[in-house]
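[1] here are the coordinates; sequence isn't available:
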């Protein structure tokens, strides 16, 4: 037994009989230490080096005594520093061509920037595969500090120099950040966009029943159906009430085709269309809309403050051009505010509302942002035409065009037509949007015979925003159905920050001029959190020129989070004009069970002298949201029961699932990971699924089937480029490999898009390379092994470790040949036996292993010549211990002792214990042969530990645990 020490780690074992294995190994190797006479001068091994901006990579080093030596050329190649090998050593430069260096092994010196650093004989180590320099010199001479830790057997690299690879990494990081800003992703593979003729899709449903003591009962039913038809999405939403006859005006139906890569028609809609009309349109429009505006976000150039009211503590989602960009929670009064990013192109903004107990409001508020910017030299248009669903069947059309004069100015125009406008059916218009200065935006529009409008907005870096809006209406216009002459609006909003609270404030003043009166309204709003209490204080003022006394009132709303998950919400309204309270409302809520909520409330209407008591119960099941509420008062009492949910059809895997949220118009994905046994990238019938694959990023709602071989992602935004990041470490087998862990997919609505994820099964090769010379035969490190395909192309290339061992995991099933790199053999003037070793990687779902490869290299020149070195040479020849021909590595510690043995009583114990656990290890003869090796590998594979065939501490500890469990 021959023993080489690089590091020693001890381990305490639970059971003494099994710990005996380690004791016997150490005693055996100690006998070998006393017997050996030709100890090497150094050890060669691979260690990890940590490099800033690069991460952790492996590099060979040599250890002699307490000193570490690093390979000059390999380190400089890693750092992308110029280096050229010459007869006397290595020359090159550090960063700049003027900063030249010459590491001169012959004259024992380093010359850097004309400064000479002498070398000692012990500062350089030579091996057949290259030269090592003492690690201190890299920092002392070049400023490249390499700190070696004997405890962790790793190197930490530090430098103050901006090395070439660091510059490149910074440039790459900047480019990646820029790509993230403008929405560019770099997936490993992109799923092709498909336009299916028909796909069964999703169904939304909802039922609401209302019983009232003074009013007729009402039952409401909603049904939404979403499919893919003729390549586009088809949406149908039906509404029915027992109190109101079925009316087609209350229904919605639309077919829409979206293709962001088309040049002329990026969006085509047929059915109900949204026209953004200036005229007053009080009926739905059935027609066609065509646009070349992309259905996705472009780069943002500014923000626009948007605020409004909804229900208290509801979540509001902000969508810009169909993409979710922000969300917020309304305060105790229902007030919410957003900073809407202004995008180049048409900025279509809509809001969606979700209650704190799972309620979902189907309505979507479409908001037209007054600023419309188009990138420089780009032209966009939107053409709409249809018929109003009113008794007169009025005809409507609108053409809107915009051109980006530059990135700060966009000019536009068009024409609108409505057949029932008596003041002029044809209404041409022009508009412009300009970014005057940083934070200062202007927008203006003039429609002939209807109105002229101007808006100025200023936003400071301190978040103060001022908006001024003025509209002048034509006196004789009939397109807009009210008699306004002018509108004047001004608003100021700013956050107020102190150590005790954060609050949003807004002061707005609106004035409307009509032929006979002038109406002015003012509002002061303060909303925020004070000592953890959500608070909203709003004061309104209404001033009418025909009324002497103004109307002024204030409302205060708060939310208190109490112990035991109780939420207390008081609201009070005070009439300042009459100096009296008008309304008081208190509510107490608490979650119950796992997904349930209960609330009780009381309301006092002082004006009507009415007391109302309220009780509610909500529960969210996986397949539906349900609720019950009751309001009992003096004049009327009501009881409301409701339920809603959705049904999704996955025709890819013949699966039906129910969800408790709406799904129509949403996108969904079906991921099917499978073992790609033949490496063709396609799922074949005999290839099984892969269980347990996890996603690195979470988008939408992720569920698995029963055996976790199918992943379904629902509730995704449609028409966006989604990057799926798969987690390769979640796979159960080290031989399973995902070739493309980053998958780009363009989501489409109303169906499950199937994505097959091939998981390749990697084959492994391993073996030894020995160096044979006059000193004997020993393992040789840093020898380049090549695995060749049938056509002699290189399938894999790797270096042997310090003891000559090599292993490589990553081969596809097939026939190969293993060779030693001919170029390296020529450079070293070595020959190899055998010249090549044929091998075959079989198809196996666990991965085939061929680890019996052995090469012996030896010098071509006579040994006497090769040893005729000058006694003055500072280079120390490599000395390695003799290794028996049938050697096996046994690792006695993490990067610790490496032992070599062909037979031993300890191996008999290993064979015996493996047999006790049911692993066929061959005869108990103390020989670590092929059967014993395969038994160890099978044990490692089935227990999930490192699959390397080495009987080390991890394998030993796991074996002990299994034996203890068995006994």
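    Yep, it's here. Predicted, not measured: the structure shown is a model, and the values here were computed from it.

[2] contacts, neighbours, all on C-alpha from now
    Will do.

[3] So, low pLDDT: which residues of the stretch 301-450 of the chain?
    301-306, 320-326, 332-333, 339-350, 354-371 (pLDDT under 70).

[4] List the residues that contact the residue nearest to the spatial centre of the chain.
    Ranked by distance to the mean C-alpha position of the chain (Cα atoms, centre = their mean), the top residue is residue 697 at 3.8 Å. Taking Cα atoms under 8 Å, 6 or more residues apart in numbering, we find residue 697 in contact with 724-726.

[5] These into JSON lines, with extra columns for distance to residue 490?
    Formatted as JSON lines, the contacts of residue 697 follow (distance: Cα to Cα, whole Å):
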{"residue": "724", "distance to residue 490": "45"}
{"residue": "725", "distance to residue 490": "47"}
{"residue": "726", "distance to residue 490": "51"}
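
[6] Now go through those and say which are in helices.
    Counting by DSSP state H, no part of the contacts of residue 697 is found in helices.

[7] At which residues are the strands of the stretch 1-150 of the chain located?
    Counting by DSSP state E, counting those that start in this stretch, the segments of the stretch 1-150 of the chain that form strands are 2-4, 43-51, 55-64, 67-71, 82-86, 89-93, 100-104, 109-112, 115-118, 124-127, 130-134, 145-149.

[8] Show me which helix or strand of this structure is least confident by mean pLDDT.
    Every helix and strand in the chain was compared by mean pLDDT, DSSP states H and E; the lowest is strand 2-4, with a mean of 30.

[9] Residue ranges in the stretch 751-900 of the chain under the pLDDT threshold?
    861-900.

[10] Which stretches in it count as strands?
    Secondary structure of the stretch 751-900 of the chain by DSSP E, counting those that start in this stretch: the strands cover 752-761, 763-773, 776-779, 784-788, 794-799, 805-811, 814-820, 830-833, 837-841, 849-859, 888-891, 898-901.

[11] To residue 142, which of those strands lies closest?
    strand 794-799 (27.3 Å; Cα to Cα).

[12] Between the strands of the stretch 1-150 of the chain, which one is closest to residue 483.
    strand 55-64 (69.7 Å).

[13] tell me how far that closest one is from the chain's mean position?
    33 Å (Cα atoms, centre = their mean, to the nearest Å).

[14] now do stretch 933-941
    Counting by Cα atoms, centre = their mean, stretch 933-941 comes out at 37 Å from the chain centroid.

[15] same check, this time on stretch 705-725
    Using Cα atoms, centre = their mean, the offset of stretch 705-725 from its chain centre is 12 Å.

[16] ditto for stretch 242-255
    With Cα atoms, centre = their mean, you get 41 Å for stretch 242-255.

[17] For it, what does the pLDDT average out to?
    The pLDDT scores in stretch 242-255 average 91.

[18] Quick one: end-to-end length of it, please.
    Separation of the first and last residues of stretch 242-255 by Cα to Cα, to the nearest Å is 28 Å.

[19] And for stretch 650-659?
    In stretch 650-659, first residue to last residue: 13 Å (Cα to Cα).

[20] swap in stretch 757-777?
    End to end - Cα to Cα - stretch 757-777 spans 47 Å.

[21] before we move on, what about stretch 112-130?
    Stretch 112-130 has its terminal residues 21 Å apart, counting by Cα to Cα.

[22] Counting neighbours, which bits of that stretch end up buried?
    112, 119, 123-129 (16 or more other Cα atoms under 10 Å).

[23] would a markdown table of those with pLDDT and distance to residue 210 be doable?
    Shown next, in a markdown table, are the buried residues of stretch 112-130 (pLDDT from 0 to 100; distance: Cα to Cα, whole Å):
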| residue | pLDDT | distance to residue 210 |
| --- | --- | --- |
| 112 | 92 | 89 |
| 119 | 91 | 94 |
| 123 | 90 | 91 |
| 124 | 90 | 91 |
| 125 | 88 | 90 |
| 126 | 83 | 91 |
| 127 | 78 | 89 |
| 128 | 73 | 90 |
| 129 | 71 | 86 |
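
[24] which two in these are spaced the farthest apart?
    Pairwise distances across those peak at 26.4 Å for 112 and 128 (criterion: Cα to Cα).

[25] before we move on, the earlier item: so which of the buried residues of stretch 112-130 comes closest to residue 414?
    Using Cα to Cα, the buried residues of stretch 112-130 come closest to residue 414 at residue 112, 71.7 Å.

[26] thinking again about what came up before, Three-state assignment for the residue nearest to the centre of the chain, please.
    coil (DSSP: H, G, I helix; E, B strand; the rest coil).

[27] Give me the distance between it and residue 725.
    From residue 697 to residue 725 the distance is 6 Å (Cα to Cα).

[28] again with residue 931
    On the measure of Cα to Cα, residue 931 and residue 725 end up 40 Å apart.

[29] residue boundaries of the strands in the stretch 401-550 of the chain?
    409-418, 426-437, 440-447, 451-459, 465-473, 486-497, 501-513, 518-530, 533-544.

[30] same thing with the stretch 201-350 of the chain?
    Using DSSP E, counting those that start in this stretch, strands in the stretch 201-350 of the chain cover 218-229, 232-241, 252-258, 267-272, 285-291, 300-309, 315-320, 323-329, 335-343, 348-354.

[31] Tabulate those strands (a markdown table), appending mean neighbour count and distance to residue 91.
    Shown next, in a markdown table, are the strands of the stretch 201-350 of the chain (neighbours: other Cα atoms under 10 Å; distance: least, Cα to Cα, whole Å):
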| stretch | mean neighbour count | distance to residue 91 |
| --- | --- | --- |
| strand 218-229 | 19 | 66 |
| strand 232-241 | 20 | 65 |
| strand 252-258 | 19 | 60 |
| strand 267-272 | 20 | 62 |
| strand 285-291 | 22 | 63 |
| strand 300-309 | 14 | 51 |
| strand 315-320 | 21 | 58 |
| strand 323-329 | 16 | 55 |
| strand 335-343 | 20 | 54 |
| strand 348-354 | 19 | 62 |
